[in-house]
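Novice: kindly return the folded structure for what I paste below:
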Amino acid sequence: MTGKKIKKWITLLLAVFFLPFAAPAGAGGKDYEGLKRYADHFRQELRRCVLLAWYESREAQPGFPKVIDRWDDPEAWPNFRFSPEADLLEIWIPKIHDMDAAILQYQGHTWMLDCCDEKKAPERLVPLLRALGIQEVEKLLNSHPHHDHLNGFPAVADAVQVDELLICFPEDVNAHMTAAVDYAKLHGIDVVLYGDDSCFPMGDGAVTLVNWQKSDPALGMNDCSAQTMVRYGDCSMLFTADMERAGQLQLLEALGPEALKADILKYPHHGKMHLRDDYFRAVDPSLFVITGIKGAKTCKSSWEYMMRTRTPGVFTQTAVLHLVTDGMNWVYEKAKLPGME
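Specialist: Numbers count the residues shown, from 1 in each chain. Coordinates of the predicted model:
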């Protein structure tokens with residue numbers, strides 16, 4: 001067992017020992033209900049600690065790459081299989097370009113990051129939701145209120161039940177935001193404000209979404225768009241919305257390179273620029289996901305950067321992208337769903 005793993009297990013044992021001394025208010029004396037709440041709290045925290053320690057202590061399956069490409073070759077690494085008992089995190093990105101949307105599924109929960117524009121949401125995103133049999137989206141996080149990230153909200157909310165719309169800019173910051181918030185309130189959808197360093201645990205808490213907004217507001221909305229790090233065990237994917245090079249520098253300076261390390265990078269702003277080299281070295285991705293058109297002039301910079309850094313990349317205008325992980329390995333492939341191109 002490595003020193004890193006030993007440290008994690010010692011932390012777990014200390015957490016289990018000291019947890020009884022951190023009972024919530026109202027749990028003392030002969031107050032039965034308070035003791036019952038404390039017992040429930042203890043069991044939940046203990047289960048969460050055990051799960052996190054176990055997920056983080058695992059390693060990728062030996063003999064296989066951590067990120068397995070079945071996009072270009074569906075038969076690649078034929079001996080690799082996820083364990084039937086594994087809880088899988090699945091991420092779906094529709095066949096889109098010059099806009100963002102992603103569907104996350106884990107343990108029966110469905111969340112979304114952004115939701116396309118008003119044209120492609122009904123054409124690409126809603127059919128994907130239906131093909132996946134999704135009837136409820138518990139959380140829809142908007143990275144920033146530009147039309148290509150938010151204006152598809154009414155189409156999504158008309159197609160499935162949306163419980164919460166999470167925003168990270170003021171409700172009246174622009175017309176796109178105002179329209180989405182008004183629609184949500186009219187249809188009884190909760191509007192929740194989130195911000196820098198907010199963290200959302202999904203399911204049993206082994207999957208987390210951490211959000212950063214470290215840029216100076218003077219840089220503009222693209223650079224201030226929320227950066228979302230999705231983590232599960234030893235696997236991670238960084239969603240960068242439309243962050244430009246100036247924002248990349250400020251994020252790197254605020255967090256340091258270690259915090260930005262991710263297996264997969266959703267390339268910023270639909271592949272319209274070169275990345276900063278210091279930012280790229282910090283993230284050190286094994287895969288770029290580019291919501292753009294391969295060969296288009298708008299994606300020339302990202303294509304050149306892929307070639308220069310020899311980083312594999314997927315352009316999502318080609319097909320629906322399916323990424324799946326058990327917290328140890330990733331597989332990415334072209335989705336094969338009934339009724340989808």
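
Novice: every contact and neighbour count from this point should use C-alpha atoms.
Specialist: OK.

Novice: pLDDT weak spots in the stretch 51-200 of the chain?
Specialist: Counting by pLDDT under 70, the stretch 51-200 of the chain contains low-confidence residues at 51-62.

Novice: can you map out the helices along it?
Specialist: For the stretch 51-200 of the chain, applying DSSP state H, counting those that start in this stretch gives helices covering 120, 126-131, 147-150, 153-159, 175-186.

Novice: and the last one, what's buried?
Specialist: Neighbour counts using 16 or more other Cα atoms under 10 Å place 176-177, 179-181, 184 of helix 175-186 among the buried residues.

Novice: swap in the fourth one?
Specialist: Neighbour counts using 16+ other Cα under 10 Å place 153-157, 159 of helix 153-159 among the buried residues.

Novice: how about those in TSV, adding distance to Met99?
Specialist: Below are these laid out as TSV (distance: Cα to Cα, whole Å):
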residue	distance to Met99
Phe153	13
Pro154	16
Ala155	15
Val156	15
Ala157	18
Ala159	19
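
Novice: pick out the most distant pair among the buried residues of helix 175-186.
Specialist: Spatially, the most separated pair among the buried residues of helix 175-186 is His176 and Ala184, at 12.4 Å (Cα to Cα).

Novice: do you know how far the residue most central in space within the chain is from Arg70?
Specialist: The geometric centre of the chain, computed from its C-alpha atoms, lies nearest to Val230 (Cα atoms, centre = their mean), at 4.0 Å. With distances defined as Cα to Cα, to the nearest Å, the gap from Val230 to Arg70 amounts to 21 Å.

Novice: same thing with Glu138?
Specialist: In this structure, Glu138 and Arg70 are separated by 30 Å, where distance is defined by Cα to Cα.

Novice: for Leu125, same thing?
Specialist: 22 Å.

Novice: partners of the closest residue to Ile91 other than its chain neighbours in the sheet?
Specialist: Residue nearest to Ile91 in three dimensions, not counting chain neighbours: Leu104, with 4.6 Å by Cα to Cα, 6 or more residues apart in numbering. Beta-bridge pairing for Leu104 (DSSP bridges): Ile91, Trp111.

Novice: quick one: contacts for Leu104?
Specialist: Residues near Leu104 by Cα atoms under 8 Å, 6 or more residues apart in numbering: 89-92, 110-113.

Novice: okay, among the residues you listed, which ones form the most distant pair?
Specialist: Leu89 and Leu113 (14.4 Å).
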